[in-house]
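Pasting the sequence and the predicted model now:
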Amino acid sequence: MAQSSRAVVIGGGIGGLTAAAALHRRNWQVTVLERARSLEPVGAAISLSPNALRALDVIGIGEEIRDLAAWQGDGGLRTPRGRWLSRTSADAAAARFGGPLVLLHRATLVNSLAAQLPPGTVRTAAATVADPGDTDRPARVTTADGELEADLVVAADGIDSAARGALFPGHPGPVYAGFTTWRVVIPLPGAEFASHETWGRGRLWGTHPLKDGRVYAYGAAMTPAGQHAPDDERAELARRYGDWHDPIPAVIAAARPEDVLRHDVHHLADPLPAFHRGRVALLGDAAHAMPPTLGQGGNQAVEDAVVLAHHAGDLAAYTAARLPRTTAIARRAVKVARLDMTGNRAAIAVRNTALAALSLAGPAFFLRGYDGIADWRPPYASGRAPVGNR
């Protein structure tokens, strides 16, 4: 790509920074416009599956991230009283998909991505797409400091994307998924436990160790949108999960109210007609926000970024490569949410009995749910991505 090609990335989250790094490696001049004054991400931890790690290999940090992260997979599903419904294996996952599933703090990933960019690439600015451009004219982005022209604009501005609204004003936008989430990352000295996700009636909980010794935990519950605890969200967790199996009560007790993040979950129930218009391309939540029940939101944004860099001169090819895949994964995430968040007692009994019976077939049966997702490879990569070290 010619040195003079210029890209503007709106949004300095994981997807936007990955796109910036991928374009920079292809000799684009890149400017990242981030509304917040800091790249410190809102959120807690992120699970990266082998598909996203292979995408990060493309920009040269896949092995670094594998080394910084904790391997996932040794654990399984439990009931609120602690009975194991199924067990999984990190080694089985790595063997099936050609690499591990890993977990790390979002800030760690953001820092590694930002380090791939030249100094001054990221600027603090709120940006608006003024003109998407076309084959005969560049796209235009406006900020408080003036206007930028670009051969490519990457709109990675999140689920409430203003760029998406400008490109597709008739699209209904995000809708409430029916549940809210809580997340914490805290130290828990002396705790010994296996990673688990626990499914209850209309709610779930997950607890996973990070490589730095901290614990990442999350809860989700069916509840009306816009609700908040009458006191604080840590107390709300104690009310909802305080009598569940160990180590859940200990995690809640160790958290401070300010450690708990709560967010209602929204998603794009209606797929967009395309992920581009003119010289502007959407990626990540701006393009295909999905429930977190498959852990693929951030992973798909990373995939988007490297595929977009590959097709930067042909955005129709980018849409063709990404829209069918992300639509299918988003629909699967909705189906999984209906399964693990059901509040119907009879359905829960049937679900748990089936899970316990199927677990006798070993971890391979449950890993099949990620076939076609975790085994994805970048379209221009060859060979087998490195597996890395635990």
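That came through, no problem.

Tell me the gap between stretch 83-100 and the middle of its chain.
Relative to the chain's own centre, stretch 83-100 is displaced by 20 Å; criterion: Cα atoms, centre = their mean, to the nearest Å.

and if you look at stretch 82-93?
That offset, for stretch 82-93, works out to 22 Å (Cα atoms, centre = their mean).

what distance separates the start and the end of it?
End-to-end distance for stretch 82-93: 23 Å, by Cα to Cα, to the nearest Å.

what does stretch 215-228 give?
Span of stretch 215-228 from end to end, Cα to Cα: 24 Å.

For that stretch, which outside residues touch it?
44-45, 103, 105, 176, 178-188, 191, 202-210, 237, 240-241, 247-248, 251, 262, 264-265, 292, 341, 343 (Cβ atoms under 8 Å, 6 or more residues apart in numbering). Backbone N, C-alpha and C define where each C-beta goes, glycine included.

In strands only, show me those.
Within the contacts of stretch 215-228, residues falling in strands by DSSP state E are 45, 103, 105, 176, 178-187, 203-209, 262, 264-265.

Now the buried members of those.
45, 103, 105, 178-186, 203-209, 262, 265 (16 or more other Cβ atoms under 10 Å).

quick one: pLDDT of the closest residue to P271 other than its chain neighbours?
Nearest non-adjacent residue to P271, counting by Cβ to Cβ, 6 or more residues apart in numbering: T327, 4.6 Å away. pLDDT recorded at T327 is 98.

Quick check: which element contains T327?
Taking DSSP states H and E as the criterion, T327 maps to helix 315-340.

What mean pLDDT does the next helix-or-strand element following that helix get?
The helix or strand immediately downstream of helix 315-340 is helix 345-358, counting by DSSP H and E. Mean per-residue pLDDT for helix 345-358: 91.

Next, the angle from helix 345-358 to helix 315-340.
Put simply, helix 345-358 runs at 100 degrees to helix 315-340, going by axes from the mean of the first three to the mean of the last three Cα atoms, to 10 degrees.

how about helix 345-358: buried residues?
Going by neighbour count (16+ other Cβ under 10 Å), the buried part of helix 345-358 is 348, 351-352, 355.

Check stretch 83-103 too.
Neighbour counts using 16+ other Cβ under 10 Å place 85-90, 92-94, 96-103 of stretch 83-103 among the buried residues.

Any idea how far apart the tips of it sit?
24 Å.

Over to stretch 73-90?
Criterion Cα to Cα; first-to-last residue distance in stretch 73-90 is 4 Å.

taking the buried residues of stretch 83-103 one by one, which sit in strands?
Members of those lying in strands (criterion: DSSP E): 85-88, 101-103.

which two in these are spaced the farthest apart?
Spatial extent of these (Cβ to Cβ) is set by the pair L85 and V102 at 23.5 Å.

Tell me where the stretch 1-150 of the chain has helices.
For the stretch 1-150 of the chain, the helices defined by DSSP state H, counting those that start in this stretch occupy 14-25, 50-58, 62-68, 90-97, 106-114.

Show me where the stretch 251-390 of the chain dips below the pLDDT cut-off.
Scanning the stretch 251-390 of the chain for pLDDT under 70 picks out the ranges 365, 381-390.

could you redo the last one with a cut-off of 50?
For the stretch 251-390 of the chain, applying pLDDT under 50 flags the ranges 382-390.

List the contacts of the closest residue to T180 other than its chain neighbours.
Closest residue to T180 apart from its sequence neighbours, by Cβ to Cβ, 6+ apart: D264 at 4.8 Å. D264 sits next to 176-177, 179-181, 225-226 when contact means Cβ under 8 Å, 6+ apart.
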